[in-house]
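J.: With the sequence up front, the predicted model follows.
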Amino acid sequence: MAKNLFNKVKAGDLELKEKVVTINRVTKTTKGGRTFSFSALVVVGNENGVVGHGLGKAKEVQEAITKGIDDAKKNLIKIPIHHGTIPHDQLAKEGAAKVLIKPAAHGTGVIAGGSMRAVLESAGITDVLAKSLGSANPHNVVKATFKALGLLREPISVAKTRNVSLKKVFNG
């Protein structure tokens, strides 16, 4: 298993934008009948390399979304963005969801499906090719996308790790 390379960030002074990925109505059967509540999966980001996800559960939809936003602000990570795209290909898996993200040329746009699109746009990535290869469960797709983004490495850190010049990292 790969090392946990997530760069944790504090919400502090960041101006974060929220996106609701999914809202589920959840039912609990009790002696007195059914009790309904809501769970909301939310992604927040500053569209400049900082992104987080959270899950909120409550009796009301708006309260669930608010709790999800608060949870997302506790799980922020910093990701490397190079000219609007990611530095290299990355594959990640969470549960049965498998995610592949690839860098794209300027002007390509965000080529990704539902849950992944919300995460990538919130992170500020403007050009990327992404594919969800396994389960379409939004929770696991978001977690797998975060895992893939967390495993991305800056070219400078790769050069330092290998003790070679930055030019040699790109030219092989």
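T.: Sure thing, it's come through. Remember, predicted model here, so these are calculated numbers, not experimental data.
J.: Can you tell me the centre-most residue of the protein?
T.: Phe146 (3.7 Å; CA atoms, centre = their mean).
J.: pretty sure that one belongs to a helix, no?
T.: Yes - in this structure, Phe146 lies within a helix as judged by DSSP: H, G, I helix; E, B strand; the rest coil.
J.: quick one: low-confidence parts of the protein?
T.: Within the chain, the stretches with pLDDT under 70 are 1-13, 169-172.
J.: In contact with the residue nearest to the centre of the chain, which residues?
T.: The contact partners of Phe146, taken as CB atoms under 8 Å, 6 or more residues apart in numbering, are Val51, His53, Ile77, Val119. Using the backbone N, CA and C atoms, a C-beta is placed for each residue, glycine as well.
J.: Please name every helix or strand in contact with the host helix or strand of the first one.
T.: For Val51, the enclosing helix or strand under DSSP states H and E is strand 50-58. Counting contacts by 3 or more CB pairs under 8 Å, 6 or more residues apart in numbering; DSSP states H and E, strand 50-58 is packed against strand 33-45, helix 61-74, strand 76-78, helix 114-123, helix 138-150.
J.: For the ones you listed, give me a markdown table that also has distance to Asp89.
T.: Output for the helices and strands packed on strand 50-58, formatted as a markdown table (distance: least, CB to CB, whole Å):
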| stretch | distance to Asp89 |
| --- | --- |
| strand 33-45 | 22 |
| helix 61-74 | 26 |
| strand 76-78 | 19 |
| helix 114-123 | 14 |
| helix 138-150 | 9 |
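J.: does Val20 really touch Phe38, like I thought?
T.: No - contact criterion CB atoms under 8 Å: Val20 and Phe38 do not qualify, at 11.0 Å.
J.: Between those two, which is the more surrounded one?
T.: Phe38 (19 against 16; other CB atoms under 10 Å).
J.: Excluding chain neighbours, what is closest to that one?
T.: Ala64 (4.4 Å; CB to CB, 6 or more residues apart in numbering).
J.: burial count for that neighbour?
T.: 24.
J.: quick one, what contacts it?
T.: Ile23, Ser37, Phe38, Ser39, Ala40, Gly56, Lys57, Ala58.
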